[in-house]
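J.: What shape does this take:
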Amino acid sequence: MIIDNHEHVMIPTDLQLKKMEQAGVDKTILFCTAPHPEKAKNLSDMKAEMGALYKILSGSNTKEDNIRRMKDNIEELTQIIKGHPDKFYGFGAVPLGLSTEETISWIEKNIISNNLKGVGEFTPGSDEQIAQLEPIFQALEHFPQLPIWVHTFDPVSMNGIKLLMELTKKYPKVSVIFGHMGGYHWMEVIEFAKTVSNAYIDLSGAFAALAVRIATTEVPDKCLYGSDAPYGEPLLSKQLIEYVCTDDESKEKILGGNILRLIGEENVN
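T.: Residues are numbered from 1 along each chain as shown. Model (predicted):
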């Protein structure tokens, strides 16, 4: 099966399904979203859509606002999955700033009860927000079947990535997906994944085709095909992997096998 490990909810769903069909993607893991850039027709529209995301990244929303937004987003996500169970899995949002016990309760009520397969995307806007991930790691030790997906491109710095690496090593039961390969710091992320068993690399939003080639050569068991649609294109992201990865067995793992194993769906036909 071809599995896109990372797309955001797109409106309308038919647009998302069409892109999947064009790319030959069997199933996609959907993530919640604040903006809908697929609706933008020009730069002004795009700036307006992205304003919601920038507000979240800046930390200007209250914890209560974030909790309310996440609950609404998860409801939207689960309704889409229920409407197309043969096409979508889902990862669900978890708020920062909760205690470990509160986070466990949130995961039980909003992630496990909705049959979601992981948590994220977390997009830390500062090193402080990365430090706030620790209660989530602590909670996920109670749910070892749930990976965590963390954005590691800009605005996340190398220092922030190092903090995430420390959490990954501290909590070896938690599978950690380094979203977008670490951006400019892709070499450090590949090197880290080579030696740390619970570290995985999402290939969406790659800094360069060279980065994808090196990653798929060095750690084919750790790489996950993703497009980050609507920011990326499922077809182009898949073609890049097919172009740079010449080993058929590795290609099969990267395009679906690895993520299915990670979310416990490796026996799905």
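J.: all strands for the protein, in order.
T.: In chain order, the chain shows strands spanning 3-8, 27-31, 88-92, 118-122, 148-151, 176-179, 199-202, 223-224, with DSSP state E as the criterion.
J.: by contact count, what packs against the fourth one?
T.: By that I understand strand 118-122. Packing partners of strand 118-122 (3 or more CB pairs under 8 Å, 6 or more residues apart in numbering; DSSP states H and E): strand 27-31, strand 88-92, helix 134-140, strand 148-151, strand 176-179. C-betas here are computed from N, CA, C, even on glycine.
J.: rewinding a little: out of the strands of the chain, the one nearest residue 20 is which?
T.: Closest to residue 20 of those, according to CB to CB: strand 27-31, at 5.8 Å.
J.: contacts for that closest one?
T.: Residues outside strand 27-31 that contact it (CB atoms under 8 Å, 6 or more residues apart in numbering): 1-9, 16, 20, 77, 80-81, 86-91, 117-118, 120-121, 149, 234, 259, 263.
J.: Reformat the helices and strands packed on strand 118-122 as TSV; add mean pLDDT.
T.: Output for the helices and strands packed on strand 118-122, formatted as TSV (pLDDT from 0 to 100):
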stretch	mean pLDDT
strand 27-31	98
strand 88-92	98
helix 134-140	98
strand 148-151	98
strand 176-179	98
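J.: mind checking which of the ones you listed is nearest residue 43?
T.: Evaluated with CB to CB, these place strand 148-151 nearest to residue 43, the distance being 23.0 Å.
J.: How far off centre is the closest one?
T.: Using CA atoms, centre = their mean, to the nearest Å, the mean C-alpha position of strand 148-151 is found 5 Å from that of the whole chain.
J.: What pairs with it, parallel or antiparallel?
T.: Within its sheet, and counting by DSSP bridges, strand 148-151 is paired with strand 118-122 (parallel), strand 176-179 (parallel).
J.: Would you reformat the strands of the chain as JSON lines and include distance to residue 38?
T.: JSON lines is the format used below for those (distance: least, CB to CB, whole Å):
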{"stretch": "strand 3-8", "distance to residue 38": "9"}
{"stretch": "strand 27-31", "distance to residue 38": "13"}
{"stretch": "strand 88-92", "distance to residue 38": "16"}
{"stretch": "strand 118-122", "distance to residue 38": "17"}
{"stretch": "strand 148-151", "distance to residue 38": "19"}
{"stretch": "strand 176-179", "distance to residue 38": "19"}
{"stretch": "strand 199-202", "distance to residue 38": "20"}
{"stretch": "strand 223-224", "distance to residue 38": "22"}
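J.: Ok, which of the ones you listed comes nearest residue 49?
T.: With CB to CB, the closest approach to residue 49 among the strands of the chain belongs to strand 3-8: 11.7 Å.
J.: relative to strand 88-92, how tilted is the closest one?
T.: 50 degrees (axes from the mean of the first three to the mean of the last three CA atoms, to 10 degrees).
J.: Mind putting the strands of the chain into JSON lines with distance to residue 63 and mean neighbour count?
T.: As requested, the strands of the chain are exported to JSON lines (distance: least, CB to CB, whole Å; neighbours: other CB atoms under 10 Å):
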{"stretch": "strand 3-8", "distance to residue 63": "23", "mean neighbour count": "27"}
{"stretch": "strand 27-31", "distance to residue 63": "21", "mean neighbour count": "25"}
{"stretch": "strand 88-92", "distance to residue 63": "17", "mean neighbour count": "23"}
{"stretch": "strand 118-122", "distance to residue 63": "15", "mean neighbour count": "23"}
{"stretch": "strand 148-151", "distance to residue 63": "19", "mean neighbour count": "25"}
{"stretch": "strand 176-179", "distance to residue 63": "23", "mean neighbour count": "28"}
{"stretch": "strand 199-202", "distance to residue 63": "27", "mean neighbour count": "26"}
{"stretch": "strand 223-224", "distance to residue 63": "31", "mean neighbour count": "28"}
